[in-house]
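Participant: Got a predicted model here, sequence first, then my questions.
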Protein chains: 2
Amino acid sequence: MTDKPIPDVIVGRLPRYLRALRQMSEAGAQTTSSQELGERLGISAAQIRKDLSQFGEFGKQGTGYSISFLVRQLQAILKVDRTWEMVLVGAGDLGHAIAGYNGFANWGFHVAMVFDNDPQKIGKKIDEYTILDMSELSPKIKESGIQVAMITTPASAAQEVVDQLVKAGIKSILNYAPINLHVPNSVKVQYIDPVIHLQRMTYYLD
Amino acid sequence: MTDKPIPDVIVGRLPRYLRALRQMSEAGAQTTSSQELGERLGISAAQIRKDLSQFGEFGKQGTGYSISFLVRQLQAILKVDRTWEMVLVGAGDLGHAIAGYNGFANWGFHVAMVFDNDPQKIGKKIDEYTILDMSELSPKIKESGIQVAMITTPASAAQEVVDQLVKAGIKSILNYAPINLHVPNSVKVQYIDPVIHLQRMTYYLD
DNA sequence: CATTGTGAACGGGTTCACAGCA
DNA sequence: TGCTGTGAACCCGTTCACAATG
């Protein structure tokens, strides 16, 4: 109700709600309940209701939530009711896979440009993208106003790249390089590191 | 001290400590403190000390922690003082990038086999791997005793694949498919979904 | 009557602060 | 003196339980 800041842990769950709801919608469902959504996601019904109630009263007692309405609300809250252009830095195997990933479309994102510092790669094409030189990174970001970046460079290059990105105006960074990055408070970073996830699970193995 | 179960949130931080410590070691450092490690990772010094103290008294008052000793301890705790063979299911672009990823070696993991269900791909090679048919999935897992799997199939196929993996004895699953999976309590699942991470950040954009 | 929204209770993770020790 | 290990205090996210309502 009030406009105190929403805990980050709640923001982190909203994209999962959105994914599940759109999948239910594709499957033909029109309505759902906190219980049904919770079972699907392994989250308690009470938590889902509490999370959603932070942003408004989206449900109806006795009948639950309209899926299409809730999808629109969540997309608006997460600001993915538009398309965010992104720059991708690092044109290795992983960068190639990400540039060609079709899972960004319709979810609010689009790769606009791909950068690398390897002279052998610059000018080459991956999918529809011509690989651009790092020297163009800053001007291209500034002129386009892009705020979102993904990094798939080696760890050794990542912090330097981040510094350039931040200076150029990037506000959100998805980092695939296996290293912790330092950024100002105004910039958000999320990490994707398969080894970290794997090591977290081997703890429970014999 | 006692052997109560360690909270999962602590286990989740240990791999990050390990990465940072090994990077410090590579840079030539021999000793560190909870404060230094904390600054590097954006974690409070008290939290690091508390986390580590769950597993033993690894430090020395006045001087801090021996990096090489702590690395060995963490690797033993996380059970990555050995190499876990893994199966990879899904030989698309992402599967290709993962199969060729050199970041698993020395971190406790190795891709042993790659599976797909596309007749056009079966028998083809990606890197040193010959793509195997899904019909061989269960027998190959059982005969090798592999416990770790990665999934890079489309979302629509993921749950069915998981059911097969679980039945064959897989205990840890790293899932790249954008869907929530249902597994028994004895099986751990971790998720990697770039869209989820990105949407979590756009909330904070204008 | 099923299901939401929510104040209150609860639980557990984080921080504090300091004794203890090299 | 510098830094660890840790009980206690604190804080905050989760769960509970129920009034409210279509």
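Facilitator: Sure thing, it's come through.
Participant: okay, now the domains of chain A?
Facilitator: A:8-77, A:84-197 (automatic domain parsing).
Participant: right, so of these, which gets closest to DNA strand C?
Facilitator: Among the domains of chain A, the nearest to DNA strand C by Cβ to the nearest atom of the strand is domain A:8-77 (3.0 Å). (Each C-beta comes from the backbone N, C-alpha and C, glycine too.)
Participant: Do that closest one and DNA strand D come into contact?
Facilitator: Yes: using Cβ under 7 Å from any atom of the strand, domain A:8-77 reaches DNA strand D at A:9, A:10, A:43, A:44, A:46, A:47, A:49, A:50, A:60, A:61, A:62, A:63.
Participant: Ends of that domain, what's the gap?
Facilitator: Terminal residues of domain A:8-77 are spaced 13 Å apart (Cα to Cα, to the nearest Å).
Participant: helix/strand/coil for the nearest residue to residue A:15 once chain neighbours are set aside?
Facilitator: Spatial nearest neighbour of residue A:15, chain neighbours left out: residue B:199 (3.9 Å); criterion: Cβ to Cβ, 6 or more residues apart in numbering or on different chains. With DSSP: H, G, I helix; E, B strand; the rest coil as the basis, residue B:199 sits in helix.
Participant: quick one: strands adjacent to the longest strand along chain A?
Facilitator: Longest strand in chain A, counting residues (DSSP state E): strand A:109-116. Strand A:109-116 pairs in its sheet with strand A:84-89 (parallel), strand A:132-133 (parallel), by DSSP bridges.
Participant: Does the next helix or strand after the first one reach chain B?
Facilitator: If I follow you right, that is strand A:84-89. Per DSSP states H and E, strand A:84-89 leads on to helix A:93-99 as the next helix or strand towards the C-terminus. Yes: judged by Cβ under 8 Å from any Cβ of the partner chain, helix A:93-99 comes into contact with chain B at A:93, A:94, A:96, A:97, A:98.
Participant: for the residues you listed, which one is nearest residue B:138?
Facilitator: Closest approach between the residues of helix A:93-99 next to chain B and residue B:138, by Cβ to Cβ: residue A:97, at 27.3 Å.
Participant: hmm, back to that, burial of the residue nearest to residue A:15, as a residue count?
Facilitator: 28 (other Cβ atoms under 10 Å in any protein chain shown).
Participant: Secondary structure element for the residue in chain A that DNA strand D sits nearest to, which one?
Facilitator: In chain A, the residue that lies nearest DNA strand D is residue A:62 (2.6 Å; Cβ to the nearest atom of the strand). Under the criterion DSSP H and E, no helix or strand holds residue A:62.
Participant: Now do it: how many residues are near it, please.
Facilitator: Residue A:62 sits with 6 neighbouring residues when counted by other Cβ under 10 Å.
Participant: Which residue ranges of chain A form strands?
Facilitator: Listed in chain order, the strands of chain A (DSSP E) span residues A:31-32, A:59-60, A:64-66, A:84-89, A:109-116, A:125-126, A:129-130, A:132-133, A:148-151, A:172-175, A:188-191.
Participant: so what strands line up beside the first one?
Facilitator: Strand A:31-32 pairs in its sheet with strand A:64-66 (antiparallel), by DSSP bridges.
Participant: before we move on, what about the second one?
Facilitator: Strand A:59-60 has the following strand partners under DSSP bridges: strand A:64-66 (antiparallel).
Participant: coming back round to it: of the strands paired with strand A:109-116, which is nearest residue A:119?
Facilitator: Per Cβ to Cβ, nearest to residue A:119 of the strands paired with strand A:109-116: strand A:132-133, 8.2 Å.
Participant: Now do that closest one: distance to the chain's middle.
Facilitator: 24 Å (Cα atoms, centre = their mean, to the nearest Å).
Participant: Let me see the residues that make contact with that strand.
Facilitator: A:113, A:114, A:115, A:116, A:117, A:122, A:140 (Cβ atoms under 8 Å, 6 or more residues apart in numbering or on different chains).
Participant: longest single helix anywhere in chain A?
Facilitator: Secondary structure of chain A read by DSSP state H shows that its longest helix is helix A:8-26.
Participant: which residues touch the residue nearest to residue A:15?
Facilitator: Taking Cβ under 8 Å, 6+ apart, we find residue B:199 in contact with A:14, A:15, A:18, A:78, A:80, A:107, A:108.
Participant: What distance do you get for it to residue B:114?
Facilitator: Separation of residue B:199 from residue B:114 (Cβ to Cβ, to the nearest Å): 30 Å.
Participant: ok, what's across the strand from residue A:150?
Facilitator: Judged by DSSP bridges, the bridge partners of residue A:150 are residue A:88, residue A:174.
Participant: Quick check: it touching residue A:88?
Facilitator: Yes: counting by Cβ atoms under 8 Å, residue A:88 is a contact partner of residue A:150 at 4.9 Å.
Participant: Give the residues shared as contacts by the two.
Facilitator: Common contacts of residue A:150 and residue A:88 (Cβ under 8 Å, 6+ apart): A:98, A:111.
Participant: Residue ranges in chain A under the pLDDT threshold?
Facilitator: Low-confidence segments of chain A (pLDDT under 70): A:1-3.
Participant: what do you get if the cut-off is 90, keeping everything else the same?
Facilitator: Residues of chain A that meet the criterion pLDDT under 90 lie in A:1-4.
Participant: circling back to that earlier point, which pair in the residues of helix A:93-99 next to chain B spans the largest distance?
Facilitator: A:93 and A:98 (9.8 Å).
Participant: any chance of the strands of chain A in a markdown table, plus mean neighbour count?
Facilitator: Shown next, in a markdown table, are these (neighbours: other Cβ atoms under 10 Å in any protein chain shown):
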| stretch | mean neighbour count |
| --- | --- |
| strand A:31-32 | 18 |
| strand A:59-60 | 16 |
| strand A:64-66 | 19 |
| strand A:84-89 | 23 |
| strand A:109-116 | 21 |
| strand A:125-126 | 14 |
| strand A:129-130 | 15 |
| strand A:132-133 | 16 |
| strand A:148-151 | 26 |
| strand A:172-175 | 25 |
| strand A:188-191 | 18 |
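Participant: and those as a markdown table, adding distance to residue B:102?
Facilitator: Shown next, in a markdown table, are the strands of chain A (distance: least, Cβ to Cβ, whole Å):
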| stretch | distance to residue B:102 |
| --- | --- |
| strand A:31-32 | 43 |
| strand A:59-60 | 49 |
| strand A:64-66 | 46 |
| strand A:84-89 | 19 |
| strand A:109-116 | 18 |
| strand A:125-126 | 20 |
| strand A:129-130 | 24 |
| strand A:132-133 | 25 |
| strand A:148-151 | 17 |
| strand A:172-175 | 18 |
| strand A:188-191 | 19 |
